[in-house]
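J.: Next input, structure requested:
(chains A and B)
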Amino acid sequence: MEEINELIEQRIKKLKELRKMGIEPFDGHFDALDHAVNLLNKYAPVSRENLESDPVSCSLAGRIISMRDFGKAAFAHIQDVTGKIQIYFKKNILGDKFPLLKKLDIGDIIGLKGRLFRTKTNELTVEVDDFVFLAKSLRPLPEKWHGLRDIETRYRQRYVDLIVNPEVRETFIKKSIIIKATRDFLESKGFIEVETPMMHPVPGGATARPFKTHHNALGIDLYLRIAPELYLKRLLVGGYERVYELNRNFRNEGISTKHNPEFTMLEFYIAYRDYRFLMSFTEELITYVSEKLLGTLKIPYGDAVIDLTPPWPRIKMFDALIDRGIPEDILYDAGRALTWARANDIEIKEGTSPGKILDQIFKEKVEPQIIQPTFIIDYPVELSPLAKRKPDNPELTERFELFIASREIANAFSELNDPIEQTQRFLEQVEAKEKGDEEAHYMDEDFVRALEYGMPPAAGEGIGMDRLVMLLTDYQSIRDVILFPQLKPEQ
RNA sequence: GGGCCGUUAGCUCAGCUGGUAGAGCAGCUGACUCUUAAUCAGCGGGUCGCAGGUUCGAAUCCUGCACGGCUCACCA
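T.: Next comes the predicted model:
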């Protein structure tokens, strides 16, 4: 313990005094039969008189979060996973145990037995007739009124944040509901959940820089996965027709309100379907989750209300650009695109490929404008090295990205299953990498070998779950939907 | 990595143009058996993020560093 301040010393003193009295404040065991808010709900209709004439016993375990001491009586609130309820300690009821109240601090975890009654303000309260210490709290909790505000402390000591900020506890329950609803939906559609490696000899399946690690016994470098895509498609080759994986990806990129180095990604693949199918499927999935969580498709987000009612517009990427006033003649002319971008204050690095220039313009000019759910479809082939070309326009792919509230929520395409073309696409990526594009894909020989056995035509999609949670819980920072967001070490 | 902002008691925050570091809550002592931001009386609590510099004198001005927030750049 780095610092022992006066407040902690006082609490340690109380701890020692309890032990001197033969009470072990950490060793207690207690089987609570009730929960705070359940009691409040269950007995809400029961009157004071009925609680008197027909007494209700209960037992609770939880943390003391406030206390009002009267000398020979005291009110407090106790908090458990459901919330808080008022409790009442009275000298003539507790008898010998009453002096122990002197040793009870805000933050301590106790178990108690008692009887329900209503105060003169009609608040349902537990009159305690016995209690035990289950854990002594040595550190003072933040102030009851303002709570814990300091953002850094809230992230670093999330446990304290969770104790004192009920909406934070609520948020992560919502995250759990969202993830469960997602799994339920996919299971109901015949998908199986699989686990593929998180440590990859060749990182692939996305455009991103990986984390590198090392396996001592094998004597090889490995990469934390940036996406499970190539392994999931190997499973399509193996004969599974509907698979998904909902787990962590790792990308060695900057940290921001939209990016954490590790984040939760859903990827799912369905054989014998294409990206058009996936658009409807995505509408169905996200509206299912929203209904499960919020019971509505009209969700407040920041200053806006997002209406998830399908169908969502499907706009070709080039049309989206044209709609935003980008001159049509730059779409097919890399030189003009570059000139136009630079004339419009969009930073483009030297040697950026034509498709990437358009992507940059899109991110700058179109993406911020998309508030309501919108599919942007048919991306240039060079942005999508794993996607199938459009039969009527080989420069474009059967790909869509779903945008909501100016953020990319999903990315999907009809999967390229021609091993010869896939090899060619990989070679182009390798060439780009040699030219200095750190995010270009690696050649994955084993993936190509798998395709050579024959992969059924399929559609696949990735959904950034943390961002979906942000959307459905109305948070602007990804750190608010990740329990322990990545921070630099203290000091 | 760049720009802007922040860091003062356990928590939330004041602290002006440089002159002995403050409040509320929490804590301790006492009073009080229906309070709920309980009340009343009294008391304690600080490496002002860290390190330099300017100055008779720095929480305050300057420089550097650390950590955090927002933002820009890249990604989901």
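
J.: What residues does A:Ala206 make contact with?
T.: Residues in contact with A:Ala206 (Cβ atoms under 8 Å, 6 or more residues apart in numbering) are A:Ile226, A:Ala227, A:Glu229, A:Asn249, A:Arg251. Placement of C-beta: from N, CA and C, glycine included.

J.: Among these, which are located in helices?
T.: A:Glu229 (DSSP state H).

J.: Using CSV, lay out the contacts of A:Ala206 together with distance to A:Ala334.
T.: Output for the contacts of A:Ala206, formatted as CSV (distance: Cβ to Cβ, whole Å):
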residue, distance to A:Ala334
A:Ile226, 27
A:Ala227, 28
A:Glu229, 28
A:Asn249, 31
A:Arg251, 28
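
J.: out of the contacts of A:Ala206, what pair is the most spread apart?
T.: With Cβ to Cβ as the measure, no two of the contacts of A:Ala206 lie farther apart than A:Glu229 and A:Arg251, at 13.4 Å.

J.: Could I get the full set of helices for the stretch 301-450 of chain A?
T.: Here the stretch 301-450 of chain A has its helices, by DSSP state H, counting those that start in this stretch, at A:317-323, A:334-343, A:354-365, A:419-434, A:445-453.

J.: What residue spans form the domains of chain A?
T.: Domain ranges of chain A: A:2-141, A:161-324+A:366-481, per automatic domain parsing.

J.: What angle do helix A:354-365 and the lowest-mean-pLDDT helix or strand in chain A make with each other?
T.: Counting by mean pLDDT, DSSP states H and E, the weakest-scoring helix or strand in chain A turns out to be helix A:334-343, with a mean of 83. Here the directions of helix A:334-343 and helix A:354-365 differ by 30 degrees (axes from the mean of the first three to the mean of the last three Cα atoms, to 10 degrees).

J.: and for helix A:334-343, what are the contacting residues?
T.: With Cβ under 8 Å, 6+ apart, helix A:334-343 has contacts from A:326-327, A:329-331, A:348, A:352-354, A:357-358, A:360-361.

J.: switch the cut-off to 7 Å
T.: Helix A:334-343 is contacted from outside by A:Pro327, A:Asp329, A:Ile330, A:Ile348, A:Pro354, A:Ile357, A:Leu358, A:Gln360, A:Ile361, using Cβ atoms under 7 Å, 6 or more residues apart in numbering.

J.: Now do the phi/psi pair for the fourth one.
T.: Recorded main-chain torsions at A:Ile348 are phi -130, psi 120, according to degrees, to the nearest 10.

J.: Just confirm it contacts A:Leu358, I think it does.
T.: No: with contact defined as Cβ atoms under 7 Å, A:Ile348 does not count as touching A:Leu358 (10.5 Å).

J.: Compare these two and say which one has the larger neighbour count.
T.: Each of A:Ile348 and A:Leu358 has its neighbours counted (other Cβ atoms under 10 Å); A:Leu358 has more, 24 against 15.

J.: now that one: how far from RNA strand B?
T.: 12 Å (Cβ to the nearest atom of the strand, to the nearest Å).

J.: hang on, that residue packs against A:Asp378?
T.: No: assessed by Cβ under 7 Å, A:Leu358 is found out of contact with A:Asp378, at 11.8 Å.

J.: what is the mean pLDDT for the helix of greatest length in chain A?
T.: Assignment by DSSP H gives helix A:166-188 as the longest helix of chain A. Averaged over helix A:166-188, pLDDT sits at 97.

J.: from the chain's centre, how far out does that helix sit?
T.: From the chain centre to the centre of helix A:166-188 is a distance of 9 Å (Cα atoms, centre = their mean, to the nearest Å).

J.: What of stretch A:265-283?
T.: 21 Å.

J.: contact partners of that stretch?
T.: Contact partners of stretch A:265-283, identified using Cβ under 7 Å, 6+ apart, comprise A:182, A:186, A:191, A:227-229, A:232-233, A:236, A:241-246, A:249, A:310-312, A:314, A:375, A:398-400, A:402, A:410, A:412-414, A:456-465.

J.: of the residues you listed, list those near RNA strand B.
T.: Near RNA strand B, judged by Cβ under 7 Å from any atom of the strand, the entries from the contacts of stretch A:265-283 are A:Gly462, A:Gly464.

J.: Restricted to strands, list the contacts of stretch A:265-283.
T.: A:242-246, A:249, A:314, A:375, A:399-400, A:402, A:410, A:412-414, A:458-464 (DSSP state E).

J.: Please check the residues you listed and keep the buried ones.
T.: Among the ones in strands among the contacts of stretch A:265-283, those classed as buried by 16 or more other Cβ atoms under 10 Å are A:242-246, A:249, A:375, A:399-400, A:402, A:410, A:412-414, A:458-464.

J.: And for whichever residue of the stretch 301-450 of chain A sits closest to RNA strand B, nearest residue in space, chain neighbours not counted?
T.: Shortest the stretch 301-450 of chain A-to-RNA strand B distance, computed as Cβ to the nearest atom of the strand: residue-wise this is A:Glu408, at 3.6 Å. With Cβ to Cβ, 6 or more residues apart in numbering as the criterion, A:Glu408 has its nearest non-adjacent residue at 5.4 Å, and that residue is A:Glu401.

J.: returning to what we had before: could the helices of the stretch 301-450 of chain A go into a markdown table alongside distance to A:Val481?
T.: Converted to a markdown table, the helices of the stretch 301-450 of chain A look like this (distance: least, Cβ to Cβ, whole Å):
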| stretch | distance to A:Val481 |
| --- | --- |
| helix A:317-323 | 28 |
| helix A:334-343 | 33 |
| helix A:354-365 | 23 |
| helix A:419-434 | 32 |
| helix A:445-453 | 32 |
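
J.: sorry, back to before: could you give the bridge partners of the residue nearest to A:Glu408?
T.: Assessed by DSSP bridges, A:Glu401 has beta-bridge partners A:Ile376, A:Asn411.

J.: Tell me how far it lies from A:Ile87.
T.: 53 Å (Cβ to Cβ, to the nearest Å).

J.: my guess is A:Val37 meets A:Thr82, correct?
T.: Yes: A:Val37 is within contact range of A:Thr82, at 3.8 Å (criterion: Cβ under 7 Å).

J.: right, and A:Ile109 touches A:Leu60 too?
T.: No: here A:Ile109 does not reach A:Leu60: they are 11.0 Å apart, not a contact under Cβ under 7 Å.

J.: which one of the two has more residues nearby?
T.: Legend: neighbour count by other Cβ under 10 Å for A:Ile109 and A:Leu60, higher for A:Leu60 (26 against 21).

J.: just checking, the more buried one is part of a strand?
T.: Yes: the assignment for A:Leu60 by DSSP: H, G, I helix; E, B strand; the rest coil puts it in a strand.

J.: Who are the contact partners of A:Ile463?
T.: Contacts of A:Ile463 (Cβ under 7 Å, 6+ apart): A:Leu266, A:Ile409, A:Ala410.

J.: A:Val168 now?
T.: Contacts of A:Val168 by Cβ under 7 Å, 6+ apart are A:Asp161, A:Leu162.

J.: ok, so what distance separates it from A:Gln157?
T.: Separation of A:Val168 from A:Gln157 (Cβ to Cβ): 12 Å.

J.: Find residues that contact each of these two.
T.: By Cβ under 7 Å, 6+ apart, no residue touches both A:Val168 and A:Gln157.

J.: about what we covered before: could you export the contacts of A:Ile463 as CSV, including pLDDT?
T.: Putting the contacts of A:Ile463 into CSV (pLDDT from 0 to 100) gives the following:
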residue, pLDDT
A:Leu266, 97
A:Ile409, 94
A:Ala410, 95
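
J.: okay, now A:Asn485: neighbour count?
T.: One thing to correct before we go on: residue A:485 is Pro, not Asn. By other Cβ under 10 Å, 19 other residues sit near A:Pro485.

J.: Lovely, talk soon.
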